[in-house]
Structures are given as C-alpha cells and as structure tokens.
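Asker: Model the following, please.
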Amino acid sequence: MKKNGFTLIELLITFIILGILTSIAIPGFARWLPSYRLKSATRDLYSNMQLAKMGAVRDNGEWAVFFNAGGYQVISGGADRDYSTAGDNTTEKTITLSDYESGVSYGHGTATTPVGTTFGDEITFTANTVVFNSRGMINSITGGYVYLQNNRNNTYAVGALGTGVILMRTWTGTAWE
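Answerer: Next comes the predicted model:
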C-alpha cells in the first residue's frame, strides 16, 4: 500500500534549513530597518509639504507646515484663508516622528555642511514654520530646510525654496545628493 506525505526526518531537515536561513537574514534586516524608517519619514514630510502647497493653491489661500519638538502639523488657513489669523486655522494632519521608531528625530546626524546657506538648528524655517501662499510659493525669500536623522546618524533634509520648489536631499557622508 502506497502512503502519501512527509516523514518526520524530512520535516526536521526542512525546519533546520529554515532556521539557518532565518538566522542569516535577521541581522541584515535589523541593519536595513532604521534606514528604511528614516527614508519613510523623509518621504512623508516631502509629501506633506506638497500637500500644503497644493492645498494653498486649491483654496486660493495660505497653508502651513508647523514643526514642533516631536513632529509637525499641516495647517490650512481656515475660513479666511489666512494662516496669520490663528483663530480659524484647521489642522489637517498631525505627524509624530517617534511613530517611525528607529530613533527618527530632527537632527544633522553626521552631516558636516548645510544644504542651504545656514546650518543653524535642525529646522531653518523662520519660527519653525513654512507657509505656502495661493500661488504655491513660500513667504520667505531664502526658504529653509528640515533635517531628519535616525539612531544610526543617517541624515536627510527636506526643504522649500522661495519659489515653492520642494527638495529632498540625503547626506552621503561627504556631500548632499
């Protein structure tokens, strides 16, 4: 009589091989994860700045990204479409950097030179806020940057120029790309 199935030896060998492959893969994954989380936080910041820019153009008013100690908020100008009158502004999104884990925070990491003209602190926008007007431009001639780092001191910068162009840069160890 023919029996279908696996023997106990075949199952044990399969589990041993899977265990060996897993023990090889986990350290590589642990090294990769912090960089992935920092890149994710940087791309989200870039996207949220684009959201504020497009929201300002769509509403024919002002939208802002306000950076605080632990994250940032995307804020619309409210009913009067003017960000400077705080009473009617609407918080569209709130992002907390610690949610990304792996030590994602504001900081320069190992970067030794600024992307823009000044290094200053981790947020070079005036009053830690970038305001987009109805034409998608920002209310600052020089613009500014926000620097993000992780627990491995990898560094990214997201910035906006006075023209409203939003940029994302990474520190390669010697220069910004």
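Asker: switch to C-alpha atoms for all contacts and neighbour counts from now on
Answerer: Fine.
Asker: can I assume Tyr147 sits in a strand?
Answerer: Yes. In this structure, Tyr147 lies within a strand as judged by DSSP: H, G, I helix; E, B strand; the rest coil.
Asker: check contacts around it.
Answerer: Residues counted as contacts of Tyr147 (C-alpha atoms under 8 Å, 6 or more residues apart in numbering) are Tyr106, Gly107, His108, Glu122, Ile123, Thr155, Tyr156, Ala157, Val158.
Asker: How about the contacts made by Lys3?
Answerer: Contacts of Lys3 (C-alpha under 8 Å, 6+ apart): none.
Asker: Same check on Leu33?
Answerer: For Leu33, the contacting residues are Ser102, taking C-alpha under 8 Å, 6+ apart as the criterion.
Asker: Now it: phi and psi?
Answerer: Backbone geometry at Leu33, expressed as degrees, to the nearest 10, gives phi -60, psi -50.
Asker: dump the residue contacts of Tyr132.
Answerer: Heads up, residue 132 is Phe, not Tyr. With contacts defined as C-alpha under 8 Å, 6+ apart, Phe132 is in contact with Ala52, Lys53, Ala56, Glu62, Trp63, Ala64, Ile138, Asn139, Gly164.
Asker: okay if I get the contacts of Tyr147 as CSV plus pLDDT and secondary structure?
Answerer: Formatted as CSV, the entries for the contacts of Tyr147 read as follows, by pLDDT from 0 to 100; DSSP: H, G, I helix; E, B strand; the rest coil:
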residue, pLDDT, secondary structure
Tyr106, 96, strand
Gly107, 93, coil
His108, 89, coil
Glu122, 90, coil
Ile123, 92, strand
Thr155, 95, strand
Tyr156, 96, strand
Ala157, 96, strand
Val158, 96, strand
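Asker: between these, which is nearest Ile17?
Answerer: Thr155 (37.6 Å; C-alpha to C-alpha).
Asker: beta partners for the residue nearest to that closest one when sequence neighbours are not counted?
Answerer: Nearest residue to Thr155, sequence neighbours excluded (C-alpha to C-alpha, 6 or more residues apart in numbering): Gln149, at 4.5 Å. Per DSSP bridges, the residues bridged to Gln149 are Ser105, Thr155.
Asker: just how off-centre is the helix or strand of the chain with the lowest mean pLDDT within its chain?
Answerer: The helix or strand of the chain with the lowest confidence, counting by mean pLDDT, DSSP states H and E, is helix 8-59 at a mean of 92. Between the mean C-alpha location of helix 8-59 and the chain-wide mean there is a distance of 14 Å, by C-alpha atoms, centre = their mean, to the nearest Å.
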